[in-house]
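Chemist: Sequence plus predicted model, see below.
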Amino acid sequence: MDNVEGDEWLFSDVLRRLRFERGALVFDADYVRGRMVKTTITIAAEGKLVIETRNRHEMALRWLRTLRGKKHIQLVSAKELAEP
């Protein structure tokens, strides 16, 4: 399974990996169509959210920033790159 450029994340990718376990909704993914995800998200009945990543360094922090609406990629102009 190789990663395909431009391949979009689909709702079915999430739905296929959802399960109900001990009163919590759990999403667990290792690889999805060649993309290394290695993430488990658990939402407990009382609302506690746990995001665990494996072998992904600071990916959990990136997930949190994304959930809060922050972008991890931003456009940089050539002028900005040329400035010291």
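Modeler: Noted; the coordinates are in hand.
Chemist: quick one: Glu50 from Lys71, how far?
Modeler: No Glu there; residue 50 is Val. 24 Å (Cβ to Cβ, to the nearest Å). For every residue, glycine as well, the C-beta is placed using N, CA and C.
Chemist: When these two are compared, which one has more neighbours?
Modeler: Val50 (12 against 8; other Cβ atoms under 10 Å).
Chemist: can you pull out the helices in the chain?
Modeler: Applying DSSP state H to the chain gives helices spanning 11-15, 59-67, 78-82.
Chemist: for those helices, which one sits closest to Ile41?
Modeler: Nearest to Ile41, of all the helices of the chain, is helix 59-67, at 8.3 Å by Cβ to Cβ.
Chemist: Give me the contacts around the closest one.
Modeler: 39, 51-53, 72 (Cβ atoms under 8 Å, 6 or more residues apart in numbering).
Chemist: got the CA positions of it in CSV?
Modeler: Taking C-alpha atoms only, helix 59-67 is exported to CSV below (Å, rounded to 0.1, in the frame of the first residue of the first chain):
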residue,chain,number,x,y,z
MET,A,59,2.1,14.7,16.2
ALA,A,60,-0.3,14.8,19.2
LEU,A,61,0.5,18.5,19.7
ARG,A,62,-0.2,19.1,16.0
TRP,A,63,-3.5,17.3,16.3
LEU,A,64,-4.4,19.6,19.2
ARG,A,65,-3.4,22.7,17.3
THR,A,66,-5.5,21.6,14.3
LEU,A,67,-8.5,20.9,16.5
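Chemist: Thanks again, I'm all set now.
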